[in-house]
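[1] what follows is a predicted protein model with its sequence.
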Amino acid sequence: MTRSIAAALALLTLAACGADGAPEPPTYQQTRTYGPNVSIGIDSRGNTDVGASIGLGRGPVTVFVGL
């Protein structure tokens, strides 16, 4: 138990001191996405279902509005 804690602390110390290279900030894709989506379906009773949504996204955030 003591050896595993000592090994974990040694690895954390090694990573914290920068021996593995300079720290790099995270990068995010600045892509923009737009898109409509339309769906039409018929269930087993013969009822028709129609749906639509419009989406807008930028980077890691996407918002869809359904109609």
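    Thanks, I have it.
[2] next, give phi and psi for I5.
    Per-residue torsions, I5: phi -70, psi -40 (degrees, to the nearest 10).
[3] for it, give its distance to A15.
    16 Å (C-beta to C-beta, to the nearest Å). C-beta: built from backbone N, CA, C; applies to glycine.
[4] can you check N37 too?
    The value you get for N37 to A15, if C-beta to C-beta is used, is 44 Å.
[5] got it, and V38?
    From V38 to A15 the distance is 49 Å (C-beta to C-beta).
[6] again, but for V50
    V50 is 54 Å from A15, by C-beta to C-beta.
[7] likewise for F64?
    39 Å.
[8] nearest spatial neighbour of V65, skipping sequence neighbours?
    Ranked by C-beta to C-beta, 6 or more residues apart in numbering and with sequence neighbours excluded, the top spatial neighbour of V65 is I54, at 5.4 Å.
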